[in-house]
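>>> next comes the sequence, and after it the predicted model I'd like to discuss.
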Amino acid sequence: MNIEKFIRKHDFRKTEINRSLAGELTLLPLKTATQLGIETINDSLTGLYDYRFFNEILPKEMTLAKRFKSPLSILMMDLDKFTQVNSEYGTTIGDQALFKCAKILRQLLRRQTEIVCRVAGDAFAAILPQTDLNQAKLLAEHINQVTSQAQIIHDKKLTYSIGVATMTTFQQSGQFQEIVNTRLLKAKEKGRNLVVTS
């Protein structure tokens, strides 16, 4: 099925759970992070949440997913051969490219419950509540498609290697991250510009 047709057909916003019980709203507003007892930390370049926030919020999202018996998925995304961008065009252009990539991610992952973080120099992560593995895979492919078609740096095409994982009942946060990182590495080893789900 065409990715864009699937996304139009399955409006993921229709299935959002009201998660205001006991003040446990999720995630993007400053008020929400304060309620969860987490210092809001943003990456200074992109404005996305940073790796520390990702590590602190993931266990809380996992707890909520288990409580509501709803799926929870992660995308781990690494821009392919991005060091070449800095080498060819300089770090100023590289930083502008990262900002534009972050903007695309914010536009595509815009549900209030979805969390997008910059977790390393050219790596991003997304936490996707109420999203199963197939939906997460389609979103990952859509992100890659849109990014590759965007005019981010002159005529240079940017793509991602993406690992996708969905939480199982008994996983801990570290195990969940290990699985998605392993799948990201597989995507890079298989030639990049690829989404790996197993």
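That came in fine, so what should we check first? Numbers count the residues shown, from 1 in each chain.

>>> what's the nearest residue to the residue most central in space within the chain if we skip its chain neighbours?
Central residue check for the chain by CA atoms, centre = their mean: the C-alpha nearest the mean position is that of Ala126, 1.8 Å away. In space, not counting the residues next to it along the chain, Ala126 is nearest to Leu75; the distance is 4.3 Å by CB to CB, 6 or more residues apart in numbering. For every residue, glycine as well, the C-beta is placed using N, CA and C.

>>> is it true that the one you found touches Asn181?
No - counting by CB atoms under 8 Å, Leu75 stays clear of Asn181, with 11.6 Å between them.

>>> re earlier: for the residue nearest to the centre of the chain, grab phi and psi.
Here is the backbone geometry of Ala126 (degrees, to the nearest 10): phi -130, psi 130.

>>> over to Ile153?
Phi and psi for Ile153, reported as degrees, to the nearest 10, are phi -130, psi 100.

>>> show me what it is bridged to.
According to DSSP bridges, the residues that bridge with Ile153 are Lys156.

>>> give me the neighbour count for it.
Other residues near Ile153 number 16, with proximity taken as other CB atoms under 10 Å.

>>> what about the protein, any weak spots by pLDDT?
Residues of the chain meeting the criterion pLDDT under 70: 1-40.

>>> what about the residue sitting furthest away from the middle of it, which helix or strand?
Distance from the C-alpha centroid of the chain, by CA atoms, centre = their mean, peaks at Glu88 (27.0 Å). Using DSSP states H and E, Glu88 maps to helix 82-89.

>>> could you check the angle the helix or strand just after that helix makes with helix 82-89?
Downstream of helix 82-89, the first helix or strand assigned by DSSP H and E is helix 91-108. Taking axes from the mean of the first three to the mean of the last three CA atoms, to 10 degrees, one finds that helix 91-108 is oriented at 130 degrees with respect to helix 82-89.

>>> what about the helices in the chain?
Under the criterion DSSP state H, the chain carries helices at the ranges 3-9, 30-35, 51-68, 82-89, 91-108, 133-149, 173-189.
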